[in-house]
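[1] Can you look at this prediction? I've put the sequence above it.
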Amino acid sequence: MRRANTGPHLATLSALQAKVSHYRRLATKQPDAILPILASHLHQLGVLLGEIGAYTDAVLPLQEASALFRALTHQRPKQFQPTLAASLKDLCKTLIAGKKLPEAQLVADETIAAYRQVVTLQPDLYLPSLALALEQQARICAQQNQLTDGLKALEESIEIQRSYIKQHSDTDFEMLARNLTSVSQTYEALNRPDRAKDALKEAIEIYQTLFPQKPDAYGPMLAQGWLQLAKQFADTGFTDEAVRSQKKVVEIYREIAKQHRSTFLPLLARNLHRLGLLLRSAGIDDAALRALQEAVIHWEELSSSSPDLYRTALASSSQYTGQLLSDLRRHQEALQAHQLSVSLWQQAARLRPDLHQPQLAESMAQLGAAYRDAGQWEASITAWQEAVYLYRGLYEKDPYTYLALLAKGLMRLGQAHSESGHRNAAIRTTYEAVGMYRALVREYSRDFLAELAQSLTVMGQLLSAVNQQVNAEKTAREGVELFRKLADQDPDLYIPELVVALNEFASRLSSLEQWSDAVTASQEAVAHLQSLVNHTPDTFEPELAHAMLELGQHLLSAERPDQALETIHKAVSMYRQLSKLEPDTFLPDLAMSLTQLGKCLLHKQYTPAALAAFEESVILYTRLCTNYPKTFPHKLSIAKQYFCSLLEASGVSSPQHPVVEQATIAVAQADHVHLDPENTEL
């Protein structure tokens with residue numbers, strides 16, 4: 001038995017207990033006169049015991065009161081039927097509070113039956129009580145997962161309230177709105193989303209009417225209605241409607257936070273965070289960033305006075321802000337956001353390691369990616385090593401949950417080692433990840449086949465980089481075979497992955513001088529991409545251009561120069577078109593493809609055409625080298641070398657050629673920039 005705040009009630013409780021004892025004695029002598037009084041005092045005693053949390057003790061007097069009123073109703077129904085209904089309602093309420101749901105359900109049925117009888121006599125007086133009793137029954141059904149029965153009771157309660165409102169303007173609209181919200185949740189649980197939304201919209205309309213009267217009271221209810229509607233829209237794929245609803249939530253909390261900042265600022269910050277995530281899922285990145293950044297500002301204000309209470313909320317919003325800034329290629333700002341997030345999760349993990357260690361590991365992994373994007377390779381490795389260390393500790397406690405995350409962390413660490421030139425470390429780390437993915441597939445689920453296939457593809461690249469070509473080919477082949485099986489089961493999901501694996505496999509075959517097999521693998525990749533481009537050209541056209549260029553190189557190596565030239569020409573045409581639409585993204589690819597075209601034309605001894613291709617490539621690389629002096633000097637030098645050789649062969653002095661002069665200046669300036677300690681180009 002739980003008792004709460006009994007002090008103020010002790011005197012009243014003692015007095016009621018004394019009265020019950022007194023009237024119980026009198027009732028033996030004068031039952032007709034005294035039993036109604038005894039029942040009334042038993043009812044009051046039970047209600048009071050319920051108010052102080054003594055639910056078990058409360059049930060007995062309430063059951064006795066109901067039994068007495070039941071007997072009295074049998075004798076004088078018109079006089080005692082309403083009192084019996086009220087007594088049963090309070091007994092049901094107490095049984096619910098005491099978690100005695102089956103008993104509560106039986107009493108709820110009797111309560112509703114009692115109110116149905118009194119409603120026939122005085123509908124205006126007792127219809128609201130019947131609606132409340134039906135709502136009570138619905139709550140019991142919901143707690144026992146009897147959703148259909150609960151929905152039936154709620155729908156009847158709502159219809160009674162709607163009918164009553166038409167005749168009584170002073171009706172409790174709040175109760176109707178509350179029940180509409182409940183019925184919306186039940187509809188949602190029964191997978192009837194349209195009915196759920198309709199009920200919730202009606203509730204919102206009521207709260208909007210009540211809001212101006214008592215903003216502090218009804219503002220949170222209105223905001224919760226919009227929030228629930230936003231979640232329903234998001235769950236059913238209506239992202240734009242979800243965003244509009246979530247904006248309403250933010251507007252309401254922003255308004256009421258002006259008067260009660262300490263109470264509603266946390267809710268404003270939390271819902272700005274939700275709005276940011278919704279906007280991001282809708283592809284409205286700038287607005288998403290503004291929402292998340294505002295959430296961070298509010299969490300920082302709250303954390304300054306209550307750090308333990310709001311630290312993790314600030315960490316989470318900072319983390320998501322960093323992710324979005326990374327997507328927007330604002331790498332320095334993203335790095336700062338992730339550094340703040342990691343610092344906060346470290347503080348939280350020191351206080352509650354079991355609770356916050358997973359978030360710290362995830363945040364540390366994202367910090368590693370942020371360092372990589374900012375060009376700080378060694379810092380990236382350090383962050384990933386820390387993330388892997390954390391995931392190892394979590395894996396030891398819960399292998400099933402954390403083996404996949406540990407394997408993923410090892411893959412990212414291997415990538416960081418590879419990008420930093422630490423090839424042996426990259427191979428060791430990736431090899432361990434491959435073993436973990438094999439264990440996941442073998443021991444837990446074939447759902448990890450895709451991750452295993454991806455890790456094998458990466459492992460093949462790494463082995464090839466250290467000239468272990470036979471092992472690289474074997475590893476890449478296994479990755480392709482796995483992706484083929486996956487693509488047979490789900491082509492839309494895995495054909496793009498298969499294409500990547502096929503291109504890598506073709507490169508491994510080429511390294512072993514298996515030219516014909518390399519062409520076959522590359523042709524398969526191109527065929528898949530051509531099919532994908534027919535359905536979604538904007539997504540896969542760049543990949544097709546790249547695959548065509550790769551195929552052209554393999555064809556040239558296989559002594560099929562005519563087919564190679566035709567294929568590379570197509571790749572150049574595609575890159576030319578793409579660079580018109582997005583020059584910053586595709587001009588480097590166009591320049592590279594022109595260099596390859598020049599080599600192919602030179603192989604065919606089409607010297608004038610080769611000269612034109614190399615000249616255009618040099619012009620493009622000169623422009624790129626001027627804008628990105630750390631990235632393109634080497635590629636410019638290669639293209640310039642081919643161009644100069646052809647110029648000299650045709651009797652033209654290359655140093656005096658204007659294109660060569662501009663290229664030479666660009667390379668010299670790039671060398672100067674490269675040595676400049678103030679240069680911060682990423």
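    It's in. Residues are numbered from 1 along each chain as shown.
[2] CA atoms for contacts and neighbours, from now on please.
    Noted.
[3] State the pLDDT value of L101.
    Looking at L101, its pLDDT stands at 91.
[4] Would you confirm that it contacts R139?
    No. Contact criterion C-alpha atoms under 8 Å: L101 and R139 do not qualify, at 9.9 Å.
[5] neighbour-wise, which of those two wins?
    Per other C-alpha atoms under 10 Å, whichever of L101 and R139 has more neighbours is R139, with 22 against 19.
[6] host element of that one?
    Using DSSP states H and E, the element containing R139 is helix 123-143.
[7] Please enumerate residues in contact with that helix?
    For helix 123-143, the external contacting residues (C-alpha atoms under 8 Å, 6 or more residues apart in numbering) are 89, 93, 96, 101, 104-105, 108-109, 111-112, 115-116, 118-119, 147, 149-154, 156-158, 160-161, 164, 179, 186.
[8] buried stuff in that helix?
    123, 126-142 (16 or more other C-alpha atoms under 10 Å).
[9] Hmm, A370 is touching L335, no?
    Yes. Between A370 and L335 there is a contact under C-alpha under 8 Å: 5.2 Å.
[10] re earlier: ok, of the contacts of helix 123-143, which come out buried?
    Applying 16+ other C-alpha under 10 Å to the contacts of helix 123-143 flags 89, 93, 96, 101, 104-105, 108-109, 111-112, 115-116, 118-119, 147, 150-151, 153-154, 157-158, 160-161, 164, 179, 186 as buried.
[11] So which of those are in helices?
    89, 93, 96, 101, 104-105, 108-109, 111-112, 115-116, 118-119, 147, 150-151, 153-154, 157-158, 160-161, 164, 179, 186 (DSSP state H).
[12] State the number of residues packed around P542.
    Around P542 there are 19 residues (other C-alpha under 10 Å).
[13] got it, and T536?
    T536: 12 surrounding residues under other C-alpha under 10 Å.
[14] how near is it to Q530?
    Relative to Q530, T536 is positioned 10 Å away (criterion: C-alpha to C-alpha, to the nearest Å).
[15] again, but for E524
    Separation of E524 from Q530 (C-alpha to C-alpha): 10 Å.
[16] And for A113?
    A113 is 70 Å from Q530, where distance means C-alpha to C-alpha.
[17] Comparing those two, which residue is more hemmed in?
    Of the pair A113 and Q530, Q530 is the one with more neighbours under other C-alpha under 10 Å, namely 18 against 15.
[18] excluding its backbone neighbours, what's nearest the more buried one?
    Nearest residue to Q530 in three dimensions, chain neighbours excluded: L544, at 6.8 Å (C-alpha to C-alpha, 6 or more residues apart in numbering).
[19] Pull up the per-residue confidence for the residue nearest to R116 when sequence neighbours are not counted.
    Nearest residue to R116 in three dimensions, chain neighbours excluded: L130, at 6.9 Å (C-alpha to C-alpha, 6+ apart). Per-residue confidence at L130 stands at 85 (pLDDT).
[20] The one 3 residues further on now?
    At A133 the predicted local distance difference test score is 87.
[21] any idea how far G46 is from it?
    From A133 across to G46, the span is 19 Å (C-alpha to C-alpha).
[22] Flag the shaky bits of the stretch 51-200 of the chain, pLDDT-wise.
    In the predicted model of the stretch 51-200 of the chain, residues 165-172 satisfy pLDDT under 70.
[23] can you rerun that using 80?
    Along the stretch 51-200 of the chain, segments meeting pLDDT under 80 span 124, 154, 158-176, 178-180, 182-191.
[24] Equivalent analysis for the stretch 451-600 of the chain, please.
    Scanning the stretch 451-600 of the chain for pLDDT under 80 picks out no residues.
[25] can you give me the strands for it?
    Under the criterion DSSP state E, counting those that start in this stretch, the stretch 451-600 of the chain carries no strands.
[26] Please, where are all the helices along it?
    469-489, 491-511, 515-535, 537-557, 561-581, 583-603 (DSSP state H, counting those that start in this stretch).
[27] Next, the angle helix 491-511 makes with the fourth one.
    Just to be clear, that refers to helix 537-557. Between the axis of helix 537-557 and that of helix 491-511 there is an angle of 20 degrees, by axes from the mean of the first three to the mean of the last three C-alpha atoms, to 10 degrees.
[28] and helix 537-557, which residues are buried?
    Here helix 537-557 shows 540-557 as buried, counting by 16+ other C-alpha under 10 Å.
[29] cool, the fifth one as well?
    Within helix 561-581, the residues scored as buried using 16+ other C-alpha under 10 Å are 561, 564-565, 567-572, 574-576, 578-579.
[30] now swap in the third one and tell me
    Of the residues in helix 515-535, those buried under the neighbour-count criterion (16+ other C-alpha under 10 Å) are 515-526, 529-530, 532-533.
[31] That one vs helix 491-511, what angle?
    Going by the same axes, to 10 degrees, helix 515-535 makes 150 degrees with helix 491-511.
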